[in-house]
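*Asks:* Requesting a structural model of the entry that follows:
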Amino acid sequence: WCLRHCRVRKAPGGTVMTAIVGAAPSLLPMGPVHWPPDWRLPLSALVSALVGLLPAALAPDEQNEATEKLRLAFNLASTELSLRREASRRRGGASPFDTLPQTLMQCIFEHMWLGDGGVARCVAPSWRRGLDMLGLGRRLAPAMLPPSGRMVAKELIALLARVPPRLCQSLTELRLPQGTKLTARGAQSILRHCKGLRTLDLGYFCSSTSCDTSSLLAFSSRESLPHLHSLRLALRPASGSVDGLVGLCKGLGPRLLELRIESVGLYLDDGHLKCLAKHCSSLRQFALHNDAGKYEFESDPLVGWGLRFLLEHCPSLELLELGLTCRLGLEVFELLASKVEASASRLRRLQVYGVVSLETAAGNALCRRLADLLARPGRNGFANSEEDYRSFLASVVRGRCSIFVPSMEYLCDLNIG
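*Replies:* Okay, here's the model as predicted:
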């Protein structure tokens, strides 16, 4: 079950037949192995058949290691499926494929990529629904990346050219691989091959990925990506500028529903937020996170009036994340609390950390008020602690070795100094 490249088809009568074409991305097979109609094949026979498919070029120790991994994987799968099969009989015959343990499902989903949705649906409808829910069904496979796992713009262009046009046109989400340095030429290649993109990630919380200002502006045309509504990116001194971001958002306009920004050494001021809100009035999710490793309190120009403008002119905002926007005043959060209390805001979730004004006595009272308001039915809560922020970063950070979160004591001392 944890193998890569499972090809599944439904035989007459609805019986699921599975042909395992490969043992892993690095082990290219020579032919298929077929399950019998009741998919009960002795473990030893299955492992032996799979081992027979391994390339003869593998060294003996590599074959032994692969054999042992196969044996362990199928031992686990066999045991779990036996339990599920027995339970399904008691429930009236539900498909055991629908109720596999979560750990096994995670292993399976991790190896499903662009074009595997039909394969998953043949096994069980819940697999396809799971892929769609997790957003895993339309990703580029890492096996298509260079051995280093990194690529420059030239390699990205070559990769997009290799993907079959039908699949490339159906790609709805693209995250730049780690190490990609996207230029205007690479952006034009994405525009040419991936017309169906809905979500574009240009290095959000991926420290070695960057795109320059010209590549940002290349995506700003209204006709370039007509379905794009979600944008995630990082601003770094050596890559895209704040003006490039503003120009991109102006081009996307009201169709932009999600905007997530990681600011690394560059800062957005209130004027930038006002401009974003003015052109992107349909925003439902907005996130701004300053990088802790390069954050300088004195250089941060954001004090709050631009964010107040955003709250006033983006009535559909449901999620707001603010990380290390330390100089924001209480007026922003007082306005937000008033709007939520009067049911004039759709905000469901507020995640903040590092706002020094919230550490005062008045700020603590306001935090309690926000926590109570966002704990009501239909809301998803208010988070403003170091533990919450660490957990949040751990869930979104990719390509980083550690997570640095400065303590509030340090930030408050920094403010006093």
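*Asks:* okay, CA-based contacts and neighbour counts for the rest of this
*Replies:* OK.
*Asks:* what helix or strand does F333 sit in?
*Replies:* Assigning secondary structure by DSSP states H and E places F333 in helix 330-341.
*Asks:* Okay, buried residues for that helix please.
*Replies:* Neighbour counts using 16 or more other C-alpha atoms under 10 Å place 330, 332-334, 336-337, 339-340 of helix 330-341 among the buried residues.
*Asks:* Same question for stretch 242-251.
*Replies:* Buried residues in stretch 242-251 (16+ other C-alpha under 10 Å): 242, 244-251.
*Asks:* which residues touch that stretch?
*Replies:* By C-alpha atoms under 8 Å, 6 or more residues apart in numbering, the list of residues contacting stretch 242-251 from outside reads 213-214, 216-222, 235, 256, 266-268, 272, 275-276, 279-280.
*Asks:* cool, and stretch 274-291?
*Replies:* 246, 249-250, 252-265, 267, 306-307, 309-310, 313-325.
*Asks:* Three-state assignment for Q351, please.
*Replies:* strand (DSSP: H, G, I helix; E, B strand; the rest coil).
*Asks:* hey, what's it bridged with?
*Replies:* Bridge pairing for Q351 (DSSP bridges) gives the partners E321, A383.
*Asks:* Is it correct that it is in contact with F382?
*Replies:* Yes: Q351 lies in contact with F382 (C-alpha atoms under 8 Å); the separation is 6.0 Å.
*Asks:* Which single one of the buried residues of helix 330-341 is nearest to M408?
*Replies:* Relative to M408, the closest of the buried residues of helix 330-341 is L330; by C-alpha to C-alpha it sits at 16.4 Å.
*Asks:* So that closest one versus R346, what's the distance?
*Replies:* Counting by C-alpha to C-alpha, to the nearest Å, the gap from L330 to R346 is 20 Å.
*Asks:* now the strands for the stretch 301-417 of the chain?
*Replies:* 319-323, 349-353, 381-383 (DSSP state E, counting those that start in this stretch).
*Asks:* just to revisit the earlier point, can you select the buried ones from the contacts of stretch 242-251 in ChimeraX?
*Replies:* To isolate the buried members of the contacts of stretch 242-251 in ChimeraX, using 16+ other C-alpha under 10 Å:
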select :213,214,216,217,218,219,220,235,256,266,267,268,272,275,276,279,280
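*Asks:* Tell me which of the contacts of stretch 242-251 fall in helices.
*Replies:* The helices in this structure, assigned by DSSP state H, contain 213-214, 216-218, 272, 275-276, 279 from these.
*Asks:* any chance of the residues you listed in TSV, with distance to C206 and pLDDT too?
*Replies:* As requested, the ones in helices among the contacts of stretch 242-251 are exported to TSV (distance: C-alpha to C-alpha, whole Å; pLDDT from 0 to 100):
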residue	distance to C206	pLDDT
T213	18	87
S214	20	87
L216	17	89
L217	20	89
A218	21	89
H272	23	95
C275	26	95
L276	23	95
H279	27	95
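*Asks:* Turn those into a markdown table, columns for distance to R185.
*Replies:* Output for these, formatted as a markdown table (distance: C-alpha to C-alpha, whole Å):
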| residue | distance to R185 |
| --- | --- |
| T213 | 12 |
| S214 | 9 |
| L216 | 11 |
| L217 | 12 |
| A218 | 9 |
| H272 | 27 |
| C275 | 28 |
| L276 | 26 |
| H279 | 27 |
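*Asks:* Which member of those residues is positioned nearest L231?
*Replies:* Nearest to L231 among these, with distances taken as C-alpha to C-alpha, is L216, at 10.8 Å.
*Asks:* For burial, what's the neighbour tally of S391?
*Replies:* The number of residues packed near S391 is 11, by other C-alpha atoms under 10 Å.
*Asks:* low-scoring stretches of the stretch 101-250 of the chain, by residue?
*Replies:* 101-153, 155, 162-164, 166-167, 239-240 (pLDDT under 70).
*Asks:* ok so, going back, alpha carbons of the helix holding F333, as CSV, please.
*Replies:* This file holds the C-alpha atoms of helix 330-341, laid out as CSV (Å, rounded to 0.1, in the frame of the first residue of the first chain):
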residue,chain,number,x,y,z
LEU,A,330,-4.5,49.0,19.9
GLU,A,331,-6.8,51.0,17.6
VAL,A,332,-6.7,48.2,15.0
PHE,A,333,-7.8,45.5,17.4
GLU,A,334,-10.4,47.8,19.1
LEU,A,335,-12.0,48.4,15.6
LEU,A,336,-11.9,44.7,14.9
ALA,A,337,-13.5,43.8,18.2
SER,A,338,-16.3,46.3,17.6
LYS,A,339,-17.0,45.0,14.2
VAL,A,340,-17.1,41.4,15.3
GLU,A,341,-19.3,42.3,18.3
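*Asks:* angle of that helix against strand 349-353?
*Replies:* 160 degrees (axes from the mean of the first three to the mean of the last three C-alpha atoms, to 10 degrees).
*Asks:* For helix 330-341, give the mean pLDDT please.
*Replies:* Over the span of helix 330-341, the pLDDT mean works out to 94.
*Asks:* Flag the shaky bits of the stretch 251-400 of the chain, pLDDT-wise.
*Replies:* The low-confidence ranges in the stretch 251-400 of the chain, as defined by pLDDT under 70, are 398-400.
*Asks:* same thing but at 90, please
*Replies:* Flagging of the stretch 251-400 of the chain using pLDDT under 90 yields the residue ranges 264-265, 291-298, 343, 377-378, 380, 386-387, 390-400.
*Asks:* Between Q351 and F382, which is the more surrounded one?
*Replies:* It is F382, of Q351 and F382, that has more neighbours when counted by other C-alpha under 10 Å, with 22 against 18.
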